[in-house]
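K.L.:
Quick one: sequence and predicted model below, then my questions.
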Amino acid sequence: MKKRPSPPTPEPVLLSFQGGQRTEIQPGESILDAAWRVGLPVDAPCGGQGWCGRCRAKVSPSPAAAPEDSLIFSSAELRDGWRLACRCRPTVSATVVLPEPEQATLSEGRILKDISPP
């Protein structure tokens, strides 16, 4: 009986941030995790759970949008490559622009998940 060859192991992806920081991410790793690893300040009060909408990132080339992205960004912003850094897991090398923390606030004040006590 012939042994089947193993499927190829996914290669790491290179992310380049504004300011010159570069890092490799493993398949399935988020931009938020990569940014924190290289010491970039990204506002994410929910800890990367995808419900606060604060960890904005402009990604080029822009990957497919996560369902949470369409709750936060307009169609034009999505076309321009804006994604939530916690939900975005690029599969190809990409350039990432992160707004300054004070610029990363929600323009319409949308709340994705209410965590206030009952």
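P.N.:
Happy to help now that I have it.

K.L.:
residues in contact with the residue nearest to the spatial centre of the chain?
P.N.:
In the chain, the centroid-proximal residue (C-alpha atoms, centre = their mean) is A85; its distance is 2.1 Å. A85 is in contact with 30-32, 35, 42, 44, 55-57, 96, 98, counting by C-beta atoms under 8 Å, 6 or more residues apart in numbering. All C-beta atoms are positioned from the backbone trio N, CA, C, and that covers glycine.

K.L.:
what about it, distance to T23?
P.N.:
13 Å (C-beta to C-beta, to the nearest Å).

K.L.:
swap in L84?
P.N.:
Separation of L84 from T23 (C-beta to C-beta): 19 Å.

K.L.:
the more surrounded of those two?
P.N.:
Ranked by neighbour count (other C-beta atoms under 10 Å), L84 and T23 place L84 first, with 27 against 18.

K.L.:
and the more buried one, how far is that from L71?
P.N.:
As judged by C-beta to C-beta, L84 and L71 stand 9 Å apart.

K.L.:
what is in contact with the two at once?
P.N.:
Common contacts of L84 and L71 (C-beta under 8 Å, 6+ apart): G53.

K.L.:
residue contacts, the nearest residue to V92 once chain neighbours are set aside?
P.N.:
Spatial nearest neighbour of V92, excluding adjacent residues (C-beta to C-beta, 6 or more residues apart in numbering): V13 at 6.2 Å. Applying C-beta under 8 Å, 6+ apart to V13 gives the contacts 24-25, 27, 90-94.

K.L.:
run the last query once more with 6 Å
P.N.:
Contact analysis of V13 by C-beta atoms under 6 Å, 6 or more residues apart in numbering lists 25, 90, 93.

K.L.:
Turn those into a markdown table, columns for pLDDT.
P.N.:
As requested, these are exported to a markdown table (pLDDT from 0 to 100):
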| residue | pLDDT |
| --- | --- |
| I25 | 93 |
| P90 | 95 |
| S93 | 95 |
